[in-house]
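> Structure for the following, please:
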Amino acid sequence: MSASTNPLASLVWSTRYRYAPPGGTAEASIEATWDRVSRALADAESHDRASWARRFRAVLEDFRFLPGGRILAGAGTGRRVTLFNCFVMGTLADSLDGIFAALREAALTMQQGGGIGVDFSPLRPRGTRTDATGSIASGPVAFMHLWNQMSETVTGSSPRPGAMMGTLACDHPDLEEFVASKEAGALSHFNLSVLVSDAFMRAVERDDDWTLRFSLFDIERRTRARDLWDSIVRHAYDSAEPGVLFIDRIRRDDNLAYAETISATNPCGEVPLPAYGACNLGSLNLTCFVRGAFTPDAHFDHAALADVVVIATRMLDDVHAISGFPLPQQAQATRASRRIGLGITGLADALTMLNLRYDSAEGRAAAASTMRTITEAAYASSIELARERGPFPLFEPERYLAAPFVARLPPRVRDGIAQHGIRNSHLTAIAPAGTISLLAGNVSSGIEPIFAPEYERTVRGPDGTLSRMQVASYAVAQWHALQSEAALPETFVTAATMRPEDQLAMQAALQPHVDNAISKTTNVPADIPFTEFAGIYRAAWSMGLKGCTVFRPNAVTGSVLVRPEPRCERCDGVGRRGTAGLIQLLDGSGDPGALGCAPGP
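Okay, the predicted model is just below:
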């Protein structure tokens, strides 16, 4: 499918990824964009560049592999931009000089198109006295407002507004202020997450006290763990934030735990990173590997997927060679591990095309099998790259092979690592993939369920004006292309018809096959009881997830999905009769929540 055949895809391409050289002719089609990106990545090859460019171009065809947005927009343009989507900034120094130096580094990074993550835990609590001047400290949240204003100033007029993740440890004395900091729409450029430890979760379970402390000043205050937990969850219920990151699990499962300490993630949470680390992302479009869609013989082509993964792994490794970095520390940290993050998009559509329900055990098993194929093919490809180019600089065979995730890999993969090393420390991450999924024909983004069979989307044009576009789920469009006006089958399910635990179960099914993390928003209705809402976070910890974010329509953020009047008197909430929904997203970005139609009489 060409982007030109889909008005929304064409708009996304022309406003986000199309290159128009100064004084030159703009790219005429998405195919020209693929040509540019393929040639740019092949420049990193030491031989047979024309041949590699053809191979890279082949996997981009039909949107089978979708490199991260920064790669699509920047590769081969000569612009002074980074090809890495996001960064985690350096560890904050608890001094005015250190804070403003970090703010400058963040501004330079965002100026070049990178989102950022920042851990504010090292900053002293509000109200403590400073050593140098005797003045009273403002605390982490006050300084977060500086970052928010910087982001607004640097990226406010960009079609890609700045995104930041702010984290704070669950034992920081300013935790309660942090948790409440997004009330009334403040800190709009931030996603917030609490770094939740296993010890804190056990204290919540046992109803123990919890100590808030800042060791540098010998500050210590005891409180009830469940009171803190209820505050975290209550604010998430009221304003959709903060999320939680289960930091001990993240650190324990890190392939490079022997060489780094993680305290933050990229803005969407799918790549936990050390200081100055960066995420280098790409997504496999699963709908392209379904054979015999909607028929009794429908099946997934794992061999074809594995072949594309081998090439995609090489492409993302080449990004390290051709990308610039806003800061020299980022170049050094990133090339020391050569992390990449291969993920998936179109999962919900692909399952529907395979005649499987997203919220079924069979659907989860198929998804897990697919992710296992990607992971094993990516690791095998990275081993071959190590034979050709050498392993990543921080590679230590015994310690790397002892990492929990690596220890679970098949023996043949582990034997290959032991013999040849591996080029990339981490290889898989599941991003939201929102905008590139629109580019690919509105496939369901990342591992999210289908939002609605059909809906209107409010989008911003190149001149800033807003307009509405009628769009359909990719799977719905494919169904109607084959079945015309036939009613949608039972396998078409949306987030609105799913229990929250079914969404968590899908994330949990995939996490064992992902060495980084997964960005997934559990969407719930506005009228969900608070106790049920709170239970989602406890379940996420019990199920072994690395983090949890839940979106409930609320008075602070509103509802990004607006339910219209049903077109059909007998709509059952899934939309088999052509029910339309209305998604209101101003830039074609973001993560819509649940949508469904009220049942008819």
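> Quick check: which ranges of the stretch 351-500 of the chain have low pLDDT?
Within the stretch 351-500 of the chain, the segments meeting pLDDT under 70 span 464.
> what about the helices in the stretch 101-250 of the chain?
140-155, 175-179, 198-206, 225-239, 247-252 (DSSP state H, counting those that start in this stretch).
> Which pLDDT does the model give Ser215?
Here the pLDDT value assigned to Ser215 is 76.
> what number of residues lie near it?
Counted with other CB atoms under 10 Å, the neighbours of Ser215 add up to 8. In this view, the C-beta of every residue, glycine as well, is placed from N, C-alpha and C.
> Burial-wise, tell me which of the helices of the stretch 101-250 of the chain comes out on top.
The highest mean neighbour count among the helices of the stretch 101-250 of the chain, using mean count of other CB atoms under 10 Å, belongs to helix 175-179: a mean of 21.
> packing partners for it?
In terms of contacts (3 or more CB pairs under 8 Å, 6 or more residues apart in numbering; DSSP states H and E), helix 175-179 is packed against helix 140-155, strand 164-169, strand 190-196, helix 225-239.
> Please produce JSON lines containing the helices of the stretch 101-250 of the chain, extended by distance to Ala303 and mean pLDDT.
Below are the helices of the stretch 101-250 of the chain laid out as JSON lines (distance: least, CB to CB, whole Å; pLDDT from 0 to 100):
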{"stretch": "helix 140-155", "distance to Ala303": "42", "mean pLDDT": "94"}
{"stretch": "helix 175-179", "distance to Ala303": "48", "mean pLDDT": "97"}
{"stretch": "helix 198-206", "distance to Ala303": "40", "mean pLDDT": "97"}
{"stretch": "helix 225-239", "distance to Ala303": "42", "mean pLDDT": "96"}
{"stretch": "helix 247-252", "distance to Ala303": "33", "mean pLDDT": "98"}
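> Dump these into TSV; add distance to Leu8 as well.
Shown next, in TSV, are these (distance: least, CB to CB, whole Å):
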stretch	distance to Leu8
helix 140-155	23
helix 175-179	37
helix 198-206	42
helix 225-239	30
helix 247-252	35
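> Out of these, flag the one nearest Ala487.
Of all the helices of the stretch 101-250 of the chain, it is helix 225-239 that lies closest to Ala487, at 36.7 Å by CB to CB.
> How about residues contacting the closest one?
170, 175-176, 179-180, 182-183, 194, 200, 203-204, 206-210, 241-244, 530, 533-534, 537, 550, 552, 554-557 (CB atoms under 8 Å, 6 or more residues apart in numbering).
> For it, list the C-alpha coordinates in PDB.
This file holds the C-alpha atoms of helix 225-239, laid out as PDB (Å, rounded to 0.1, in the frame of the first residue of the first chain):
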ATOM      1  CA  ALA A 225       3.200   2.600  53.000                       C
ATOM      2  CA  ARG A 226      -0.500   2.100  52.000                       C
ATOM      3  CA  ASP A 227      -1.200   5.800  52.500                       C
ATOM      4  CA  LEU A 228       1.600   6.600  50.000                       C
ATOM      5  CA  TRP A 229       0.400   3.900  47.600                       C
ATOM      6  CA  ASP A 230      -3.200   5.100  47.800                       C
ATOM      7  CA  SER A 231      -1.900   8.700  47.000                       C
ATOM      8  CA  ILE A 232       0.000   7.500  43.900                       C
ATOM      9  CA  VAL A 233      -3.000   5.500  42.600                       C
ATOM     10  CA  ARG A 234      -5.600   8.200  43.600                       C
ATOM     11  CA  HIS A 235      -3.700  10.800  41.500                       C
ATOM     12  CA  ALA A 236      -3.400   8.400  38.600                       C
ATOM     13  CA  TYR A 237      -7.200   7.900  38.900                       C
ATOM     14  CA  ASP A 238      -7.900  11.600  38.900                       C
ATOM     15  CA  SER A 239      -5.300  12.800  36.400                       C
END
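> Determine the angle, from 0 to 180 degrees, between that helix and helix 198-206.
100 degrees (axes from the mean of the first three to the mean of the last three CA atoms, to 10 degrees).
> quick check: angle from helix 225-239 to strand 190-196?
Using the same axes, to 10 degrees: helix 225-239 against strand 190-196 is 160 degrees.
> Wasn't Ser467 part of a helix?
No: Ser467 sits outside any helix when classified using DSSP: H, G, I helix; E, B strand; the rest coil, being strand.
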